[in-house]
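In: sequence and predicted model, in that order:
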Amino acid sequence: MAIKFEQTQHNARIVSVGAYRPKRVVPNSEIVDKIDSSDEWIVQRTGIRTRHYAAPDESLIDMTTKASEIALERANLTGKDLDSVIFSTISYPYQTPSAATELLIRLGNESAAAFDISAACAGFSYAIGLANDMIRNGSAKNVLVVGAERLSDFTDPYDRATSFIFADGAGAAIVSASETQGIGPTIWGSNPENREAIMTRPSWLEFKDAEKLKAKLEAGEKVWPDIQQEGQKVFRWAVYSIAPIGNQAIAAAGISANDLSAFIPHQANERIIDTLAKSMELPDNVIIARDIQDTGNTSAASIPLAMDRLLAENPELHGKLALLIGFGAGLVYAGQVVELP
Ligand code: UT7
């Protein structure tokens, strides 16, 4: 028997964005001694000059609350107006319940649907796609999409392959029902055979057996699950596989690259950003987000942080079209064209 209900079809768009960067600025000079590196090498290979680390008593949810409050205020909404929260993160330090439910309490909302997603650096674009589908299908009207990380908790300062890359920050966007459609189709997918190229190791189960843990600690073995990365493998994948996803997202939105005003890719490496823009043959007048230079790689937070900054520095971009693309651990990716709030 068919289920009968009144089908509704709404349009959706991003109505506001909010960002929070922790106060503490960490220059390359504070990182290099532990990994036999140099400011020059890090700048040349990644574009990163400084990044932000959260204060010792500043939690992931503290940062996220600030970013969300800004986004809510800019949308003329309060926390109570939200009917759903999608929280993308890989650094919430509790397996369950979700970061989204802790955030809801801070925002004074006692009943919205709330869940976390784990799509790493693609998480914001995954969540925008989900929020769009929820609104278009009538299961939500005002969705708070969060990308936030406290990666300093899961980064080994002595790991030469990662310590200079990862950083902390929080971004938030409100996606709401709207008269016109402001979010293009999401082109997303994965390359799971390379899932070990970025991975936290070892597993939490290492902590269950106290005797084994003690022996490992005494032997000087690493026990804390920091993020490990095969940089070159991920670099090659990003450079060769992600530009076609961008082109597909542009075509799916029914536009051409000439209609874009901004390109806001995940901020992983400035060389990747430049290569993607070149491979997609983006016109010179498309403004490219380069927040990585003083924010580092904040995984799920990187696109909303970069979007917020781009809008602050280029107010003429409000209402214009931007291509977003996230890619990272999984390996997973997602991209879509959006009308900037
Ligand atoms: O956010 C999720 C997605 N993540 C990414 O997209 C990250 C993608 N990967 C990358 O951005 C780059 O691979 C890294 C920035 C992580 C590394 O840059 P790279 O150009 O791929 O470096 P490499 O590993 O190929 O090493 C090149 C050289 C080597 O020296 P030789 O053999 O050429 O003499 C390394 O030993 O640089 C050396 N090296 C370093 N030198 C100073 C490697 N790491 C360092 C370091 N400082 N930290």
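Out: Nice, thanks for sending it over.

In: which stretches in the stretch 1-150 of the chain count as helices?
Out: Along the stretch 1-150 of the chain, the stretches classed as helices by DSSP state H, counting those that start in this stretch are 39-46, 60-74, 99-106, 123-136.

In: which one of those is the most hemmed in?
Out: helix 123-136 (a mean of 26; mean count of other Cβ atoms under 10 Å). Where C-beta positions appear, they are placed from N, C-alpha and C, glycine not excepted.

In: so is that helix next to the ligand?
Out: No. On the criterion Cβ under 6 Å from any ligand atom, helix 123-136 is out of touch with the ligand, staying 10.8 Å away.

In: OK, contacts around the residue in the stretch 151-300 of the chain that the ligand sits nearest to?
Out: Residue nearest to the ligand within the stretch 151-300 of the chain: G231 (2.8 Å; Cβ to the nearest ligand atom). Residues counted as contacts of G231 (Cβ atoms under 8 Å, 6 or more residues apart in numbering) are A161.

In: what does the pLDDT read for it?
Out: pLDDT recorded at G231 is 95.

In: state the distance from it to P244.
Out: 22 Å (Cβ to Cβ, to the nearest Å).

In: just L151 next, same as before
Out: 28 Å.

In: ends of stretch 214-224, what's the gap?
Out: Taking Cα to Cα, to the nearest Å, stretch 214-224 runs 13 Å from one end to the other.

In: residues contacting it, please?
Out: Contacts with stretch 214-224, where a contact means Cβ under 8 Å, 6+ apart, come from D156, R201, P202, E206, F207, L213.

In: the first one sits in which helix or strand?
Out: What it means is D156. Here D156, judged by DSSP states H and E, is contained in no helix and no strand.

In: so what's it up against?
Out: D156 neighbours (Cβ under 8 Å, 6+ apart): T162, S163, K222, W224, D226.

In: circling back to that earlier point, distance to L260 and mean pLDDT for the helices of the stretch 1-150 of the chain - can I get that in CSV?
Out: Shown next, in CSV, are the helices of the stretch 1-150 of the chain (distance: least, Cβ to Cβ, whole Å; pLDDT from 0 to 100):
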stretch, distance to L260, mean pLDDT
helix 39-46, 25, 98
helix 60-74, 23, 98
helix 99-106, 31, 98
helix 123-136, 16, 97
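
In: turn those into TSV, columns for distance to A114.
Out: Below are the helices of the stretch 1-150 of the chain laid out as TSV (distance: least, Cβ to Cβ, whole Å):
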stretch	distance to A114
helix 39-46	34
helix 60-74	12
helix 99-106	4
helix 123-136	12
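
In: which residues sit in contact with N137?
Out: Neighbour list for N137: T8, Q9 [criterion: Cβ under 8 Å, 6+ apart].

In: and the strands in this structure?
Out: Along the chain, counting by DSSP state E, strands occupy 11-20, 24-27, 50-53, 84-88, 113-117, 142-150, 168-178, 187-190, 198-201, 226-229, 262-265, 287-288, 321-328, 332-339.

In: most tightly packed of those strands?
Out: When the strands of the chain are compared using mean count of other Cβ under 10 Å, strand 142-150 is most buried, at a mean of 30.

In: that one near the ligand at all?
Out: No. Under the criterion of Cβ under 6 Å from any ligand atom, the ligand is not reached by strand 142-150; the shortest gap measures 10.4 Å.

In: in this structure L276 contacts P244, no?
Out: No. Counting by Cβ atoms under 8 Å, P244 is not a contact partner of L276; they are 10.3 Å apart.

In: residues from the stretch 101-250 of the chain in reach of the ligand?
Out: C121, R160, A161, F164, I198, G231, Q232, V234, F235, A238.

In: now the buried members of the residues you listed.
Out: Neighbour counting over those (16 or more other Cβ atoms under 10 Å) leaves C121, F164, I198, G231, V234, F235, A238 as the buried ones.

In: pick the one among the residues you listed closest to N269.
Out: Nearest to N269 out of these is F235 (Cβ to Cβ; 6.8 Å).

In: tell me the contacts of that closest one?
Out: Applying Cβ under 8 Å, 6+ apart, we find F235 in contact with N269, R271, I272.

In: number of nearby residues for the first one?
Out: It refers to N269. Here the number of neighbours of N269 (other Cβ atoms under 10 Å) works out to 21.

In: where's the residue of the stretch 151-300 of the chain closest to the ligand relative to T162, distance?
Out: 8 Å.
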